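Engineer: Build me a structure from this.
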Amino acid sequence: QVQLVESGGGLVQAGGSLRLSCAAFGRTFSSGIMSWFRQAPGKEREFVAAVTWREYYADSVKDRFTISRDNAKNTVYLQMNSLKPEDTAVYYCAARPDATYSRNYQGYDYWGQGTQVTVSS
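Structural biologist: Next up, the predicted model:
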């Protein structure tokens, strides 16, 4: 059974930083795509960042967030700097075994349970 387990969410003031982690268990995604999505109350789930052999970012987080992966640990990270109140959401890790890039949440096979990020003004 494949599991994605996120950690690192919390409450932070605007301008602060958080680092999210997502560890995969049950299969390796070293040749696939690992991504972060987020969903705020009353809004649709939206793409944040993805990593294959390169990184992809939503315009709203570019130059503030950095996605990275450690294939030896089967883990993906999201370093979030200069956080804004509008970044408040539940953040989800997603993965697929192949490396085809997708910003559509329906294009992913595996999901984590989500971790809450709250940015206060």
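Engineer: I'd say residue 69 and residue 75 touch.
Structural biologist: Yes: between residue 69 and residue 75 there is a contact under Cβ atoms under 8 Å: 6.9 Å. For glycine as for every other residue, the C-beta is placed from the backbone atoms N, C-alpha and C.
Engineer: what element comes up after the helix or strand hosting residue 79 heading to the C-terminus?
Structural biologist: When elements are assigned from DSSP states H and E, residue 79 belongs to strand 75-80. Following strand 75-80 in sequence order, the next helix or strand is strand 89-96 (DSSP H and E).
Engineer: tell me the average confidence for that following strand?
Structural biologist: Averaged across strand 89-96, the pLDDT comes to 97.
Engineer: What helices and strands are in contact with it?
Structural biologist: With contacts defined as 3 or more Cβ pairs under 8 Å, 6 or more residues apart in numbering; DSSP states H and E, strand 89-96 has these neighbours: strand 3-7, strand 18-25, strand 33-39, strand 75-80, strand 110-111, strand 115-120.
Engineer: quick one: pLDDT of the closest residue to residue 50 other than its chain neighbours?
Structural biologist: Among residues not flanking residue 50 along the chain, residue 35 sits closest, at 3.9 Å (Cβ to Cβ, 6 or more residues apart in numbering). For residue 35, the pLDDT comes out at 98.
Engineer: Pull the number of nearby residues for residue 35.
Structural biologist: Neighbourhood size, residue 35 [other Cβ atoms under 10 Å]: 26.
Engineer: so what's it up against?
Structural biologist: Residues in contact with residue 35 (Cβ atoms under 8 Å, 6 or more residues apart in numbering) are 47, 48, 49, 50, 51, 67, 76, 93, 94, 95, 102, 108.
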